[in-house]
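1. Next come a sequence and a model predicted from it.
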Amino acid sequence: MHDNIAIPAAAASFVANPFAPSEFERRKARRAIRNKWIMFAFCALLVVPLLAILAYIFIKAAPVLSLHYLWDNPVNKGKGGGLWAPLVGTFYLVIGSLIFVAPIGILAAIYLNEYAREGWLNRTISIAVTSLAGVPSIVHGLFGLGAFVLVMIPAINHLFADPDSKWQAGLLTASLTIAVMNLPVIITSAREALGGVPQSFREACWNLGASRWQTIRTIVLPNSLSGILTGVILVVSRAAGETAPILFTGATFFKFVADSGWDKLFPYNPGEPFMAMSMHLNIISNQISQMPEVMKYGSAAVLIALILFVNSFAITLRVWLRSRKRW
Amino acid sequence: MTTPVSSAKKKFRLLDLLESPIEWTIRICGWSSIIAIFAIFFFTFKEAAPMVPQLDWVHFFTSPRWIPNPAGDNPPSFGALALLVGTFTTTFISLAIAVPVGLGAAVYISEFAQGKVKETLKVVIELLAAIPSIVWGFIGLMVLGPIIQWIFSATAGSTWGRIMVTLHLAGAETGAAQGTNLLTGGIILALMSVPVIVSLSEDALRAVPDSFREAALALGANPWETVTRVLFPAARNGLLAACMLGMGRAVGETMAVLLATGHNNRIPTVLTDPVRTMTATIAAEMGETVQGSQHYRVLFILGIVLFVITCSINVASDLIVKGVKKANNAR
């Protein structure tokens, strides 16, 4: 049937294809492909060395990594033993800073997203959030020293006037410093989560006669809670890793922590210096002579694992949320 | 069961009764970032203030002699030039690496990568951003530093080594005297600011309307031409802002440069000289100063200088992005 309308195949060879790419166009196409691979190489340049370095650190740390390493206290300036005291210090530091920053940051995001109108105030706040995010961590440390350690702690001592147990720079001051530092992070992420709730949800609620606050409490917050939670988890990882802000505001290299009993779980008072993972890594990696290399790599590996664990938790949560989003 | 009236009564909650105080709390929290910025400036300035009139400012910005605790009865010398130079050279090197790599990676992720590759790359970039600065410092000190030192000392004495010495890439004698130096610090800072640059540039590229890409395609542009001739000009300000924020991060970084730059107070002459930055100086010396001493207050002045630099970078990049939004709305 089709044989009747056979196309003269030979004809094509006589007429040059008018749509064939010219040499110039072919060169351009080759260049485009080459540049695409160069950009892929840039991505690989970021990913591959990072993975290699992390793997190297974990391999170097492997001899000490065990549950005992996490559960034992450091002995002999961190040359032996484990990491319990700094780990638990970091835990309380994170909790302490979250207590301050989570409510204030989320409420600030609610204000910016639900209450503030376009205008100079809103714009000033946005600029303040951006600038706050860009303040160097060491300047946050100076601020914590100037405001919390030198002003707030003397005020507390003055008010409570207990000469036996004077408050010092410690968990409280460090948590507050870290909280100020993480304020812009949590405001930005919570604002994004709130902004993800469709405007029609709010309008529907207003039309039912709900006030602004009722709408926020019953519609906006429940629908954005999980997004806000993701931001909070990211703050956890940032708070756990920061060193510069806590250098002068309460972190110390050595503080006695009991080896057993309740004191092991609750070793630090808010008004006493405490140990933290980041501070521990800072000191043992370059300030103690004859520190065994494996201990340095060990604490670096534990800190990295902690941060990556918290972050991958946040990422998984976000992916899961996006997959079950209903609008 | 329950009548509508009683259910309406049940819905009456304490939280709704407190609407007005809650709204005021929210409002005050909304202003918290402004309060925080002013508090940071106030309390840092308060500690620095007594020294501000006493300090020889010309000396501060022009002399590299930073001798806060001199031996004997000599007066201390607070010349921060070498620290400023250290901060800006490390920042410059990090940007020289991070801007091309970051922009390239952002273009690849936003325009070329698809599906699983794209998701994986985004996650890895995010994890890159999450690694704490002290860990970066540790990597610079323990892993990258020895590699750099090995590379440079291997070439010392050879023709290639002599070329590098002439180009001020390596020191005359040993190549790199120590592993922690300007180059190591720059590479580490680049790795730290790349995630910032990538994620913000990707946002800027994604904000370019698809109609631009379709128009370029219709005119016969290949993907690379679309990127360089259409997307880059259209997203210019966003990309610039991304690079500026990356720079802000590099200027303000503390722990990584403290460990990875060698901490040597002098003006670098070659790429492998150890340097010292303003942030690292504050971190290293604040613990040893006497509270209220001149040295202590000068460190706070350094902090204010840093604060002013990074704030201007951030506000400028914010204004650039805002300008873009306005221009887009007008279009």
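-> Sure thing, it's come through. Everything numeric in this text was worked out from a predicted model, so none of it was measured. Residues are numbered from 1 along each chain as shown, chains lettered A, B, ... in the order given.
2. Run the chain-centre distance for the host helix or strand of residue A:27.
-> Assessed by DSSP states H and E, residue A:27 sits inside helix A:23-61. Relative to the centre of its chain, helix A:23-61 is centred 26 Å away, using C-alpha atoms, centre = their mean, to the nearest Å.
3. Over to stretch A:134-149?
-> With C-alpha atoms, centre = their mean, you get 19 Å for stretch A:134-149.
4. Nearest residue to residue A:280 in space, ignoring adjacent ones along the chain?
-> Distance criterion C-beta to C-beta, 6 or more residues apart in numbering or on different chains; nearest residue to residue A:280, sequence neighbours excluded, is residue A:86 at 4.0 Å. Using the backbone N, CA and C atoms, a C-beta is placed for each residue, glycine as well.
5. So the one you found versus residue B:125, what's the distance?
-> Residue A:86 sits 29 Å away from residue B:125, going by C-beta to C-beta, to the nearest Å.
6. Which single residue of the stretch 151-300 of chain A approaches chain B most closely?
-> residue A:241 (2.6 Å; C-beta to the nearest C-beta).
7. Is it correct that that residue is in contact with residue B:137?
-> No. Contact criterion C-beta atoms under 8 Å: residue A:241 and residue B:137 do not qualify, at 11.4 Å.
8. more neighbours, these two?
-> The neighbour count for residue A:241 versus residue B:137, taken as other C-beta atoms under 10 Å in any protein chain shown, is higher for residue B:137 (30 against 25).
9. Tell me the secondary structure at the more buried one.
-> Under DSSP: H, G, I helix; E, B strand; the rest coil, the three-state class of residue B:137 is helix.
10. Now do the same for it: its pLDDT.
-> Confidence at residue B:137, expressed as pLDDT, is 92.
11. Touching, it and residue B:253? I think so.
-> No. Residue B:137 is beyond contact range of residue B:253, at 9.1 Å (criterion: C-beta under 8 Å).
12. Could you check the pLDDT of the nearest residue to residue A:189 once chain neighbours are set aside?
-> The spatially closest residue to residue A:189, leaving aside those adjacent along the chain, is residue A:231, at 2.8 Å (C-beta to C-beta, 6+ apart). Residue A:231 carries a pLDDT value of 87.
13. Against residue A:174, how distant is residue A:231?
-> 21 Å.
14. Just want to know which of these two has more residues nearby.
-> The residue with more neighbours, out of residue A:231 and residue A:174, is residue A:174; 33 against 25, by other C-beta under 10 Å.
15. Look up the pLDDT of the more buried one for me, please.
-> Confidence score, pLDDT, at residue A:174: 93.
16. likewise residue B:320?
-> Looking at residue B:320, its pLDDT is 82.
17. Then residue B:330?
-> Here, the pLDDT recorded for residue B:330 equals 56.
18. how about low-confidence regions in chain B?
-> B:1-16, B:156, B:171-177, B:324-331 (pLDDT under 70).
19. could you pull out the strands for it?
-> Under the criterion DSSP state E, strands of chain B are mapped to B:66-67, B:77-78.
20. which neighbours does the first one have in its sheet, and in what orientation?
-> Okay, so that is strand B:66-67. strand B:77-78 (antiparallel) (DSSP bridges).
21. that older thread, residue A:86 and residue B:125: who's more crowded?
-> Remark: of residue A:86 and residue B:125, residue A:86 carries more neighbours, 30 against 25, as counted by other C-beta under 10 Å.
22. my read: that one touches residue A:277, true?
-> Yes. In this structure, residue A:86 is within contact of residue A:277 by C-beta under 8 Å, at 4.7 Å.
23. What sits closest to the residue of the stretch 201-331 of chain B found nearest chain A if chain neighbours are left out?
-> Residue of the stretch 201-331 of chain B nearest chain A, by C-beta to the nearest C-beta: residue B:252 (2.8 Å). Leaving aside its chain neighbours, residue B:252 sits nearest to residue A:136 (2.8 Å; criterion: C-beta to C-beta, 6+ apart).
24. list the contacts for that neighbour?
-> Residues in contact with residue A:136 (C-beta atoms under 8 Å, 6 or more residues apart in numbering or on different chains) are A:244, B:251, B:252, B:253, B:254, B:279, B:306, B:307, B:310.
25. if you look at those, which of them are in helices?
-> B:251, B:252, B:279, B:306, B:307, B:310 (DSSP state H).
26. Closest one of these to residue B:36?
-> Here the nearest of the ones in helices among the contacts of residue A:136 to residue B:36, counting by C-beta to C-beta, is residue B:307; it sits at 12.5 Å.
27. Turn the strands of chain B into JSON lines, including mean neighbour count.
-> Below are the strands of chain B laid out as JSON lines (neighbours: other C-beta atoms under 10 Å in any protein chain shown):
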{"stretch": "strand B:66-67", "mean neighbour count": "18"}
{"stretch": "strand B:77-78", "mean neighbour count": "20"}
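28. which one of those lies closest to residue B:84?
-> So among those, strand B:66-67 is nearest, using C-beta to C-beta, at 10.6 Å.
29. any idea how far the closest one is from the chain center?
-> 26 Å.
30. residue ranges with poor pLDDT in chain A?
-> In chain A, residues with pLDDT under 70: A:1-15, A:326-327.
31. can you map out the helices along it?
-> A:11-14, A:23-61, A:67-71, A:84-110, A:120-134, A:137-143, A:153-160, A:171-195, A:199-207, A:212-215, A:221-241, A:262-265, A:277-286, A:293-323.
32. for residue 268, what are its contacts?
-> With no chain named, the answer covers chain A. The neighbours of residue A:268, taking C-beta under 8 Å, 6+ apart as the test, are A:88, A:89, A:92, A:170, A:171, A:255, A:274.
33. To clarify, I was referring to chain B.
-> Residue B:268 makes contact with B:85, B:86, B:89, B:182, B:274, B:275, according to C-beta under 8 Å, 6+ apart.
34. and what of residue B:285?
-> Counting by C-beta under 8 Å, 6+ apart, residue B:285 makes contact with B:68, B:295, B:299.
35. hang on, isn't the first one packed against residue B:80?
-> No. With the criterion set as C-beta under 8 Å, residue B:68 and residue B:80 do not qualify as a contacting pair; they are 10.7 Å apart.
36. So for those two, which residue has more residues nearby?
-> residue B:80 (24 against 17).
37. burial measure for the closest residue to that one other than its chain neighbours, as a count.
-> Nearest in space to residue B:80, with sequence neighbours left out and distances taken as C-beta to C-beta, 6+ apart, is residue B:60 at 5.4 Å. Residues within reach of residue B:60, counting by other C-beta under 10 Å, total 20.
38. From chain B, how far off is residue A:143?
-> 4 Å (C-beta to the nearest C-beta, to the nearest Å).
39. What of residue A:313?
-> As for residue A:313, its distance to chain B is 11 Å (criterion: C-beta to the nearest C-beta).
40. The spatially closest residue to that residue that is not a sequence neighbour: how many residues sit nearby?
-> Computed as C-beta to C-beta, 6+ apart, the closest residue to residue A:313 that is not its neighbour in sequence is residue A:233, at 6.1 Å. Residue A:233 has 17 neighbouring residues, counting by other C-beta under 10 Å.
41. Might one say that residue A:233 is in contact with residue A:314?
-> Yes. Residue A:233 is within contact range of residue A:314, at 4.0 Å (criterion: C-beta under 8 Å).
42. What sits closest to residue 149 if chain neighbours are left out?
-> The chain I'm using is chain A. residue A:169 (4.4 Å).
43. ah, no, chain B please
-> Spatially, and ignoring its direct neighbours in sequence, residue B:149 is nearest to residue B:179 (3.9 Å; C-beta to C-beta, 6+ apart).
44. what's the offset of stretch A:87-106 from the middle of its chain?
-> Centroid displacement of stretch A:87-106 relative to its chain, using C-alpha atoms, centre = their mean, is 13 Å.
45. for stretch A:53-69, that is, sorry about that
-> Offset of stretch A:53-69 from its chain centre (C-alpha atoms, centre = their mean): 23 Å.
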